[in-house]
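*Asks:* Need a 3D model of the following:
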Amino acid sequence: MSAPLLTVDGLVKHFAVKRDLIGRPTAEVRAVDGVSFTVNAGETLAIVGESGCGKSTVGRLVLRLIEPTAGRVTLDGADVFSLRSKELRQLRAKAQLIFQDPYASLNPRLTIGETLAEPLLLHTNLTPGDRKFRVAELLTTVGLPSHTASRYPHEFSGGQRQRIAIARALAADPKLIVCDEPVSALDVSIRAQVLNLLKDLQQRLGLAYIFISHDLAVVKHIADRIAVMYLGRIVETAKTETLFAEPRHPYTQALLSAIPVPSATRRPSRRLLTGDPPSPISPPQGCHLHPRCPSAEPPCSTTTPILTDDGHRHATACLRWPDIQNSSPALQADDQPSADLARLMQAFITAKV
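*Replies:* Modelled structure (predicted):
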């Protein structure tokens, strides 16, 4: 079996929010607290979780847009955090980012052609004529006319801007693209078009994606594997179909049960967590979820659970998941809140809109 394209090992990022008189941190936000995962070539790993769990920070750390507190990231055999500026620039041709907001991610002073030519100037030796041809090719690839290269970002809709952002990410022929909630700012029908485009590009170009999202209905139809994050830690990873069919961690179960059901008559049971999420400045000891978890016991408040694989690529960070699995019935078909919404999303995604 070939080595993973991306390996993340023990990734940690703390942000100082308060310092003493000589500049030493006295309070820190534990945004990412020991995250590990792998991504294979041509695979989509989705990172999901509520706002503030650290998933976007993980995406930026992988690309070394921010420096880590600890940990290691290996991309295509290279240790990302040990590279110098010139080597890092060369490596970044292999890994690109699609931002969430299509209105803020494009420079309003540059034409679309100039925006798409920038990565070509940085990462290739193409002649001006070849760059112009490549820009036209990129626009055609994402479904936009080549003559729009002379237009400015304000002349495009949100969905068209996100297509341009995708084209910019493709310019240097990357192997990995970090998609930071790329469809959350778009209308549902436009989301379907962009998701179709991403899946088509993956099949044609063999791309690997880290797909960061809070929309589980979207994730279900684009991801091969899912990593669930809570308060800076990954609490469960599994293949997409396995995670939706057999969620083990109480937080994963609560996330899935919170998916809205488009039905006026059926009210499925919810698996609610009590209280509010703790502050990442002073997270609870042991399992971060234990103050809100209905299945917590005394050891959960003192012992940090380790993300443990069951041998079938389904890993869970919960001290009690075997007991929970045996004592709690699995989500029945009528109780699965994602079923109706999944069918609705599938209709949008497969439609030629």
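*Asks:* what packs against the top helix by length along the chain?
*Replies:* For the chain, the helix with the greatest residue count under DSSP state H is helix 188-205. Based on contacts counted as 3 or more Cβ pairs under 8 Å, 6 or more residues apart in numbering; DSSP states H and E, the elements that helix 188-205 packs against are helix 158-170, helix 216-222, helix 338-350. Placement of C-beta: from N, CA and C, glycine included.
*Asks:* Is the residue nearest in space to the middle of the chain in a helix, a strand, or coil?
*Replies:* By Cα atoms, centre = their mean, the mean C-alpha position of the chain lies nearest to residue 212, the distance being 1.7 Å. Under the three-state scheme (DSSP: H, G, I helix; E, B strand; the rest coil), residue 212 adopts strand.
*Asks:* ok, residue 171 - how many residues close by?
*Replies:* 24 (other Cβ atoms under 10 Å).
*Asks:* In contact with the residue nearest to it when sequence neighbours are not counted, which residues?
*Replies:* Excluding its sequence neighbours, the residue lying closest to residue 171 (Cβ to Cβ, 6 or more residues apart in numbering) is residue 119, at 4.1 Å. Taking Cβ atoms under 8 Å, 6 or more residues apart in numbering, we find residue 119 in contact with 93, 96, 168, 171-172.
*Asks:* quick one: which of those residues is nearest residue 236?
*Replies:* Checking those against residue 236 by Cβ to Cβ gives residue 96 as the nearest, at 27.7 Å.
*Asks:* That closest one: which element?
*Replies:* Assigned by DSSP states H and E, residue 96 belongs to strand 95-98.
*Asks:* Could you spell out the sheet neighbours of that strand, each with its direction?
*Replies:* Using DSSP bridges, the strands paired with strand 95-98 are strand 176-180 (parallel).
*Asks:* Quick check: mean pLDDT of the partner strand?
*Replies:* Strand 176-180 carries an average pLDDT of 96.
*Asks:* Off-centre distance for that strand?
*Replies:* 7 Å (Cα atoms, centre = their mean, to the nearest Å).
*Asks:* ok, residue 80 touching residue 91?
*Replies:* Yes: contact criterion Cβ atoms under 8 Å: residue 80 and residue 91 qualify, at 6.8 Å.
*Asks:* Which residue of these two possesses the greater neighbour count?
*Replies:* Comparing residue 80 with residue 91 by neighbour count (other Cβ under 10 Å), the higher total belongs to residue 80, at 22 against 17.
*Asks:* Which helix or strand contains the nearest residue to that one once chain neighbours are set aside?
*Replies:* Leaving aside its chain neighbours, residue 80 sits nearest to residue 73 (4.3 Å; criterion: Cβ to Cβ, 6+ apart). For residue 73, the host element (DSSP H and E) is strand 70-75.
*Asks:* what's the average pLDDT for the helix or strand that that strand is followed by?
*Replies:* The C-terminal neighbour of strand 70-75 among helices and strands, as given by DSSP H and E, is strand 78-79. In this model, strand 78-79 carries a mean pLDDT of 94.
*Asks:* Centre of the chain to strand 78-79, how far?
*Replies:* The answer for strand 78-79 is 21 Å, by Cα atoms, centre = their mean.
*Asks:* That one: what's the following helix or strand?
*Replies:* Counting by DSSP H and E, what follows strand 78-79 is helix 85-92.
*Asks:* Now stretch 289-303: average pLDDT?
*Replies:* 90.
*Asks:* Run through the residues that contact the closest residue to residue 173 other than its chain neighbours.
*Replies:* In space, and not counting its chain neighbours, residue 173 is closest to residue 93: 7.2 Å by Cβ to Cβ, 6+ apart. When contacts are counted by Cβ under 8 Å, 6+ apart, residue 93 is found next to 119, 122-123, 172-174.
*Asks:* got a pLDDT number for residue 205?
*Replies:* At residue 205, the predicted lDDT confidence score is 94.
*Asks:* now do residue 312
*Replies:* As summarised for this prediction, residue 312 has a pLDDT of 88.
*Asks:* Each with direction, which strands does the strand holding residue 73 pair with?
*Replies:* strand 6-19 (antiparallel), strand 78-79 (antiparallel).
*Asks:* So which of these is nearest residue 145?
*Replies:* That would be strand 6-19 among those, by Cβ to Cβ, at 34.4 Å.
*Asks:* And for stretch 51-60, what's in contact with it?
*Replies:* Residues from elsewhere that reach stretch 51-60 (Cβ under 8 Å, 6+ apart): 8, 11, 13, 31-33, 35, 47-49, 66, 97, 100, 178, 180-181, 210, 212, 214, 229-232, 277, 280.
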